[in-house]
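A.B. asks: Got a sequence here, can you model it:
(3 chains)
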Amino acid sequence: MTWPAIRTILDGAVVTAMLAAVSILLSLPLGLLLALLRWRRVPVLAGALAAFVSLVRATPFITLVLFVFFILPSAGIQLDPVPAAILALTINTAAFSSEIWRAALQTFSRDQREAAAAFGLSERQIFTRIVFPQIWRANLGPLISEVTILLKCTPAVAVIGVVEITRAAGRVGAETYEPLPPFLVATLIYTALIATLVRGQRVVERRIARRYGVTR
Amino acid sequence: MAEIDAAISVKGVCKDFDGFEVLRDIDLDIAPGTTTCILGPSGSGKSTLLRCLNWLEEPSKGSVFIHGKPIGRIGTAATARPMARRELATARTSIAMVFQHFALWPHLTVLGNVVEAPVHVLRRPRREAEAEGRAILSRVGLAEKADAYPHTLSGGQKQRVAISRALAMRPKVILFDEPTSALDPEMVGEVLSVIHELAKEGLTMVIVTHEMRFARDVADTIVFMEGGCIREVAPPQAFFTDPQSERAKRFLTRH
Amino acid sequence: MSGLLAVWQSRDVFLWGAANTLLLVLGCLLLSIPLGILLAILLTESPGPLRRSLAELVDLLRCVPFLLLAYLVYYGLPELGLRLDPWWAGLASLTLYTTAYLAEIFRAAFLAVARDSIEAAHAFGLSRGLLYRRIILPQVAITAAPLIGNQVITTIRDSALLMIITVQELTFAANFVSANTFTPFAPFAAAVGLYLLMSFVIEAGVRRMERVRKVRFG
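C.D. replies: From the prediction side, this is the model:
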């Protein structure tokens, strides 16, 4: 492969990283919000959100991408491929991460919550000062693994024309009539990115366990 | 009115869990500056009564006053309304609590646990609260553990941190819910001696406990409960040597 | 309304797509469950060097996005002299990928099997084959059921990516009908509904296994 071809794929990698970063920053807080609304058992809304989460979990990501990209214009919203991709990634990861947050909220120590209430902390303070600082640390492992799952989802957005790693590799392959080498390079980049995250996750989990004792 | 003089005044408190009566029409006045030990067989409603005092359990009927101020519900019978969450949080700041299983916040250091509520609820300046927190920790013999995390401590140390956390609120009343029940036997002593020291300082303390000898030594008043009712209220000397009720006699021969 | 009509008129396309998705996933499971069990046994029992390289391989596969694996299989096998049409290349890549994940699930479940029940089996003179067949695998099946259920749903989700190498599965069908009728909503909604149905069936199966687990293990 030539250097410009590799450059093309690396440019795609920048787009992939950007998509992943923006989507994760949007979807983790959104997932937490969904979990809080379901946990508070807001009538109707909680049920609707539960249905929404099972819908997203059952739907293949590429189907969701096509759905978002083709439906929005008929609702009068024109989105470019990149924002549409971010929207689809955010919906997907918010639904999956909301399950992590929800499990964390459900299993949070009742004793600690009571102690906080007994010392006069308000509902909001109990969440922001006692519950949240613990659940994000205890679930950093699963949350980082959501990031790797999100990264593994990103190739699907090539289908709506976002020139990320996979589509860039496809282009190179189409120009050279040799699809295998660029896809090998692309796979190498993904594997390196994901393996780094997985390793980082292990380090972080060990560090948190050492500092705060066995979490959860 | 008695409830103005009393540190804690309980009027006609009932509590049932799904139709099962745990507390039946409890009346109790606790004088300021005294130590009260609540004794009784397990399932007698001791812990539930204690948890009603700061409204962690909401009584089905009745009211509780702390230094004459109502907690949990405002007004009497017909016109009573539940306190807003914020009012309740404020009311709870004068009553600290020590839990059976410590309930320390594991993501905060020992000092962090102690100053959390003073700084964020009472809005004391952090530096001042930390200075006071360190002083309290050194009183309970944990000065050098201030920056440690709870999981590195023994059970007895954890419970002393929990007591420091309660003291840091400068509370009018401290509630102890079986403070030594979750401890290994060799650690019971260190916790009881800390509580004993506090009793001498004129704090109002209410202690649910199974430690008979300790109750005898530390209490000004023994409250004996059984079957969701208070069966006897007496000074320790009288209670332990000459209990009035049959039930108390039977309880004492078994312990 | 025109969308619904379009879906109805192209119901054959949808049925063909759904059938292909189901065939791919079932075929993949028929292959990858035994392969996953075999790999898990190798991952727990084989000698050091082999075990370590297999573990590395499984870890590596789990780091690759499925679409890329499908591309590598689809474009790579011909280089090795094996020419497969998209459907078979899709099945091969889906099986390879799922096997890696199932092996991890089975390995963890093997480790969770109570040591004493294995020792007892040795004490009663069960052969290795009997030990696996009668003692270990039934326990593994029951404890791993929820994770296997999740993996099957993931496999269904992954199978949709095969549309990109022109396998005519369910998402391919939805996209095809949508493009031909210019009514995007109904075709995709129909596909999503069918996927939801599949995942309901799997979740019901998992719940059934959960009940078995509760009855047997408390």
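A.B. asks: Low-confidence ranges, chain C, go.
C.D. replies: Along chain C, the parts satisfying pLDDT under 70 run over C:1, C:218.
A.B. asks: Around chain A, which positions in it sit nearby?
C.D. replies: If contact is defined as Cβ under 8 Å from any Cβ of the partner chain, the residues of chain C in contact with chain A are C:59-60, C:63-69, C:71-72, C:75-76, C:79, C:153, C:156-161, C:163-164, C:170-171, C:174-175, C:178, C:184-185, C:188, C:191-192, C:195-196, C:198-200. Bear in mind the C-beta positions are built from the backbone N, C-alpha and C, glycine included.
A.B. asks: Generate a PyMOL selection restricted to the buried entries among the residues you listed.
C.D. replies: Only the buried members of the residues of chain C next to chain A end up in this PyMOL selection, burial being decided by 16 or more other Cβ atoms under 10 Å in any protein chain shown:
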select buried, chain C and resi 63+64+65+66+67+68+69+71+72+75+76+153+156+157+158+159+160+161+163+164+170+171+174+175+178+184+185+188+191+192+195+196+198+199
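A.B. asks: before we move on, what SS does residue B:70 have?
C.D. replies: Under DSSP: H, G, I helix; E, B strand; the rest coil, residue B:70 falls in the strand class.
A.B. asks: secondary structure element for the residue lying closest to residue B:180 once chain neighbours are set aside?
C.D. replies: When the adjacent residues along the chain are set aside, residue B:180 lies closest to residue B:188, with 4.5 Å between them (Cβ to Cβ, 6 or more residues apart in numbering or on different chains). Counting by DSSP states H and E, the element that carries residue B:188 is helix B:185-199.
A.B. asks: what does that helix contact?
C.D. replies: Counting contacts by Cβ atoms under 8 Å, 6 or more residues apart in numbering or on different chains, the residues outside helix B:185-199 that touch it are B:35, B:139-141, B:154-156, B:159-160, B:163, B:167, B:174, B:176, B:179-180, B:183, B:205, B:207, B:211, B:214, B:217-218.
A.B. asks: In strands, which of those fall?
C.D. replies: B:35, B:174, B:176, B:205, B:207 (DSSP state E).
A.B. asks: got those as TSV, with neighbour count and distance to residue B:74 columns?
C.D. replies: As requested, the ones in strands among the contacts of helix B:185-199 are exported to TSV (neighbours: other Cβ atoms under 10 Å in any protein chain shown; distance: Cβ to Cβ, whole Å):
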residue	neighbour count	distance to residue B:74
B:35	25	29
B:174	21	24
B:176	27	27
B:205	27	26
B:207	27	28
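A.B. asks: okay, now whichever residue of chain B sits closest to chain A: neighbour count?
C.D. replies: Using Cβ to the nearest Cβ, the closest approach of chain B to chain A is made by residue B:151 at 2.7 Å. Counted by other Cβ atoms under 10 Å in any protein chain shown, the residues lying close to residue B:151 total 15.
A.B. asks: isn't it right next to residue B:106, touching?
C.D. replies: Yes: between residue B:151 and residue B:106 there is a contact at 6.1 Å, judged by Cβ atoms under 8 Å.
A.B. asks: Give me the common contacts of those two.
C.D. replies: Listed contacts common to residue B:151 and residue B:106 are A:212, A:213; contacts here mean Cβ under 8 Å, 6+ apart.
A.B. asks: Residue B:47: neighbour count?
C.D. replies: Residues near residue B:47, counting by other Cβ under 10 Å: 21.
A.B. asks: The helix or strand encompassing it and chain A in contact?
C.D. replies: Under the criterion DSSP H and E, the helix or strand holding residue B:47 is helix B:46-53. No: residues of helix B:46-53 contacting chain A under Cβ under 8 Å from any Cβ: none, with a closest distance of 8.6 Å.
A.B. asks: and that helix, what other elements does it pack with?
C.D. replies: For helix B:46-53, the contact count by 3 or more Cβ pairs under 8 Å, 6 or more residues apart in numbering or on different chains; DSSP states H and E identifies strand B:8-17, strand B:20-30, strand B:35-39, strand B:61-66, strand B:173-177, strand B:204-208 as packing neighbours.
A.B. asks: Identify the residues contacting the nearest residue in space to residue C:142 that is not next to it in sequence.
C.D. replies: What sits nearest to residue C:142 in space, not counting adjacent residues and going by Cβ to Cβ, 6+ apart, is residue C:213, at 4.9 Å. Residue C:213 makes contacts with C:142, C:143, C:145, as judged by Cβ under 8 Å, 6+ apart.
A.B. asks: As TSV, those with secondary structure would be great.
C.D. replies: Putting the contacts of residue C:213 into TSV (three-state DSSP) gives the following:
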residue	secondary structure
C:142	helix
C:143	helix
C:145	helix
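A.B. asks: still on that earlier bit, nearest to chain C among the ones in strands among the contacts of helix B:185-199?
C.D. replies: The shortest gap between chain C and any of those belongs to residue B:176, at 36.5 Å (Cβ to the nearest Cβ).
A.B. asks: now the strands: where do they sit in chain C?
C.D. replies: Ranges of strands within chain C: none, based on DSSP E.
A.B. asks: and the longest helix seen in it, what other elements does it pack with?
C.D. replies: The residue-count maximum for a helix in chain C (DSSP state H) belongs to helix C:11-45. Using 3+ Cβ pairs under 8 Å, 6+ apart as the contact definition, the elements that helix C:11-45 packs against are helix C:48-61, helix C:86-112, helix C:137-159, helix C:170-181, helix C:185-217.
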